[in-house]
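*Asks:* Mind folding the following:
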Amino acid sequence: MTDATQIFHDSAVDGASRARWWTSRVLIYGLLILWAVVCLFPIYWTVTTSFKTAPDVMQGHLVPWVDYQPAWLGWRGLGMSPDTIGGLSTPRAEFLKRFANSAVISLSASALAVILGSMAAYGLSRFSYRFGFMRNSDISFFFLSQLILPPVVLALPFLVLYREVALLDTRIGLILLYTLTVLPIVIWIMRDQFASIPTDLEEAAMVDGLSVWGAFVTIILPIALPGMVAAFILSLVLTWNEYFFASLLTSTHANTLPVMVASQTGSQGVQWWSMAALSFAAILPLIVIGIALERFIIKGMAAGAVK
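*Replies:* Numbers count the residues shown, from 1 in each chain. Now for the predicted structure:
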């Protein structure tokens, strides 16, 4: 093969490689963009619906200033439009009350679940337990199996129990229940986190004079912090959006935002504009928290990366 032929052949190979590279990149990024549109469309639909009037909702208009002229109908119903935000508003006061209930209940339950779940997960990943015929793996599966039980099965027992102990329509009642609900998820996430951390770190710390608790607090927890944050955010999302028990066990004082969103139905049908405005106001804090703590979520999902 002459030099000219070799150069031509190498150029053809390089051109084919570049074409395959660009084709794969276009395909990958095209699929990612498509998936992003699918995931973000419900949020877009919710935001735009909050600025629609009844005819625009019924006719399925999607693009503001093209298909319809935006209005503040949904936000006016919540007392959050520019012409109502400065005055007194009963719907706005009710929304702020429900928002405060959701924030206190979700944050408290998630924090309590992460604290208890981290300690339980650390014990399961570092020590051997025996409870009857159950070992560590059986105990871990027992925690996970609690998620299989449908919530409706627990409705009557919790309703009777909470009535007897005076926890109906209280924040503390929902906090305790939500903690039990998300605790199995936290235990499984944190068990994998702790299992990925070498035991040599704790042994070296205890050789230096630290106790088991001292090694856990000063050495292990800082390393496992991203996983704890990821477990906290997941617990927060689950408790913030929980509707069944919130509607069953509360009536006036401890109602949360999901109950208020579901109440935007009346004898004349669903008030889609008000429901959309309320839904967006309810999910906005989760969006902000997710963006602010994104790096912790990514680190938390990458369990086992500790060398």
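*Asks:* For residue 78, which non-adjacent residue is spatially closest?
*Replies:* With Cβ to Cβ, 6 or more residues apart in numbering as the measure, residue 91 is the residue that lies nearest to residue 78, at 5.1 Å, once sequence neighbours are left out. The way it works is simple: take the backbone N, C-alpha and C, and place the C-beta from them, glycine included.
*Asks:* element containing the one you found, please.
*Replies:* With the criterion set as DSSP states H and E, the secondary-structure element containing residue 91 is helix 90-126.
*Asks:* Please give me every residue in contact with the closest residue to residue 89 other than its chain neighbours.
*Replies:* Distances taken as Cβ to Cβ, 6+ apart place residue 79 nearest to residue 89, at 2.6 Å, with adjacent residues excluded. Under the criterion of Cβ atoms under 8 Å, 6 or more residues apart in numbering, the neighbours of residue 79 are 85, 87, 89, 90, 91, 92, 93, 95.
*Asks:* backbone phi and psi for residue 79, please?
*Replies:* Here the main-chain torsion angles of residue 79 (degrees, to the nearest 10) amount to phi 70, psi 30.
*Asks:* mind checking pLDDT for it?
*Replies:* Model confidence at residue 79, expressed as pLDDT, equals 85.
*Asks:* what about residue 106, distance to residue 258?
*Replies:* When Cβ to Cβ, to the nearest Å is applied, the distance between residue 106 and residue 258 equals 11 Å.
*Asks:* Compare neighbour counts for these two and give me the winner.
*Replies:* residue 106 (26 against 19; other Cβ atoms under 10 Å).
*Asks:* my guess is that one meets residue 246, correct?
*Replies:* No - shown here, residue 106 and residue 246 do not form a contact pair, counting by Cβ atoms under 8 Å, at 10.5 Å.
*Asks:* any idea which of the contacts of residue 79 has the most stuff around it?
*Replies:* Neighbour count (other Cβ under 10 Å) singles out residue 95 as the most crowded of the contacts of residue 79, with 20 neighbours.
*Asks:* where does the stretch 51-200 of the chain dip in pLDDT?
*Replies:* In the predicted model, the stretch 51-200 of the chain carries no residue with pLDDT under 70.
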